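Peer 1: Pasting the sequence and the predicted model now:
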Amino acid sequence: MKTRLLLMRELVDNQLLDSQGERLTKVAGVEAELREGSRPVVRALLVGPEPLARRIGPRIGQMAARIKRVKKEIRIPWEDIKDIGVDIQLKVLAYRSDATRAEDWVREKIICRIPGSG
C-alpha cells in the first residue's frame with residue numbers, strides 16, 4: 001500500500017468494496033492524527049451522512065448532529081484497508097465493517113414505509 005496519499009483525490013468520494021468485492025458505500029471523510037514534528041497519519045475513513053453533511057458546511061454538520069437519533073457516522077479503521085486504487089478494498093466482509101449501517105437505517109425507517117417499496 002502507498003505511504004503517501006492525496007487524500008481528496010485517492011480516498012474521499014471513492015467507492016468502498018468489502019473483501020469479496022461487494023460495493024458498500026463511498027468515503028465521505030478522513031480522520032487523521034496530528035503528531036508533533038511529523039506528518040499527519042490517517043487513522044480511519046468516515047462514511048455516512050454526518051461526515052458528508054460536515055463537508056457541505058459547519059452549520060449543516062451541526063444540524064445533522066442535532067437531529068440524529070442514532071449514530072450515523074461510521075469509522076473504518078485504517079487497519080481494515082487492504083488496497084487503494086480506483087476503488088478502496090477492505091480486508092473484511094460488508095457486515096463486519098458497519099459501512100452500510102446508515103443505508104440500512106434509511107431502508108428500515110424510511111424506504112420500507114413507502115407504499116409499493118416492497
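Peer 2: Happy to help now that I have it.

Peer 1: Only C-alpha atoms from now on, for both contacts and neighbour counts.
Peer 2: Fine.

Peer 1: quick one: contacts for the residue nearest the centre of the chain?
Peer 2: The centroid of the chain falls nearest to Val47 when counting by C-alpha atoms, centre = their mean (1.7 Å). With contact set as C-alpha atoms under 8 Å, 6 or more residues apart in numbering, Val47 has these partners: 25-29, 73-76, 99.

Peer 1: Could you do Thr100 as well?
Peer 2: Residues touching Thr100, when contacts are defined by C-alpha under 8 Å, 6+ apart, comprise 24-25, 94.

Peer 1: Over to Val86?
Peer 2: By C-alpha under 8 Å, 6+ apart, the contact list for Val86 reads 10, 14-15.

Peer 1: again with Gly29
Peer 2: Under the criterion of C-alpha under 8 Å, 6+ apart, the neighbours of Gly29 are 12, 45-47, 51-52, 55.

Peer 1: Return the member of those residues nearest to Glu103.
Peer 2: Proximity to Glu103 was ranked across the contacts of Gly29 by C-alpha to C-alpha; first place goes to Val47, at 10.3 Å.
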